[in-house]
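# task: produce atomic coordinates for the following.
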Amino acid sequence: MKTILSFAFLLILPACKQSILPFNIDSARTYTPTELVSQATGSCQVIHPWEGKPVRVTGHIESLNLFTGKFWLYDDGGRGFVEIYSADPATQSGRDVYEFAKANTGRTITVTGSTVGNNMPTQLNCTKGVAVKITDKTAITF
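I've put the predicted structure just below:
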């Protein structure tokens, strides 16, 4: 009886398995920070299809997470965030991004930039996360 059940289980298991397709950025779509961060992830050892792609993300900036050269863009529901950073924070455009973001905390904005993979190592493994790189304050719209 055990042999028959084991055999039946082996026949059913492949039928239940779904293949997971790699995530690709849809340039016609605007993402929330949670959607982008939850889907644009993977192993550190490879370059993923979502890396280096143009992307639009909508959310708001909270003043507590506003830093020189970068800020965190939150979902309007406050559930998740993605890091947005200036391509060159030491230049005038980097300072302009900071001042513009500081003046517009709490407002819903859309950021247009390119995705960047960030390695996030732990003691046992490494996961790649996503951030969005922008060139100047014109990448931020309302």
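# show me what secondary structure element comes after the one helix or strand in the chain whose mean pLDDT sits lowest.
Scoring the helices and strands of the chain by mean pLDDT, DSSP states H and E places helix 2-16 at the bottom, with a mean of 46. Remark: after helix 2-16, the chain's next helix or strand is strand 30-31, criterion DSSP states H and E.
# Thr127 and Val46 touch, don't they?
No: in this structure Thr127 lies outside contact range of Val46 using Cβ atoms under 8 Å: 11.8 Å. Where you see a C-beta, it was placed from the backbone N, CA and C, and this is true even at glycine.
# find the nearest non-adjacent residue to Asn65, please.
Spatial nearest neighbour of Asn65, chain neighbours left out: Trp72 (3.9 Å); criterion: Cβ to Cβ, 6 or more residues apart in numbering.
# pLDDT weak spots in the protein?
Low-confidence segments of the chain (pLDDT under 70): 1-21.
# helices of that one, start to end?
Listed in chain order, the helices of the chain (DSSP state H) span 2-16, 33-39, 92-103.
# my read is that the residue nearest to Asn65 contacts Gly80, right?
No: checked against Cβ under 8 Å, the pair Trp72 and Gly80 is beyond contact range at 9.7 Å.
# when those two are compared, which one has more neighbours?
Shown here are Trp72 and Gly80; by other Cβ atoms under 10 Å, Trp72 has more neighbours (20 against 17).
# let me see the contact set for that one.
Listed by Cβ atoms under 8 Å, 6 or more residues apart in numbering, the contact set of Trp72 reads Ile61, Glu62, Asn65, Leu66, Phe81, Val82, Glu83, Ile84.
# dump the residues you listed to CSV, plus neighbour count.
CSV is the format used below for these (neighbours: other Cβ atoms under 10 Å):
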residue, neighbour count
Ile61, 25
Glu62, 15
Asn65, 14
Leu66, 14
Phe81, 22
Val82, 25
Glu83, 19
Ile84, 25
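# of the residues you listed, closest to Phe142?
Ile61 (12.0 Å; Cβ to Cβ).
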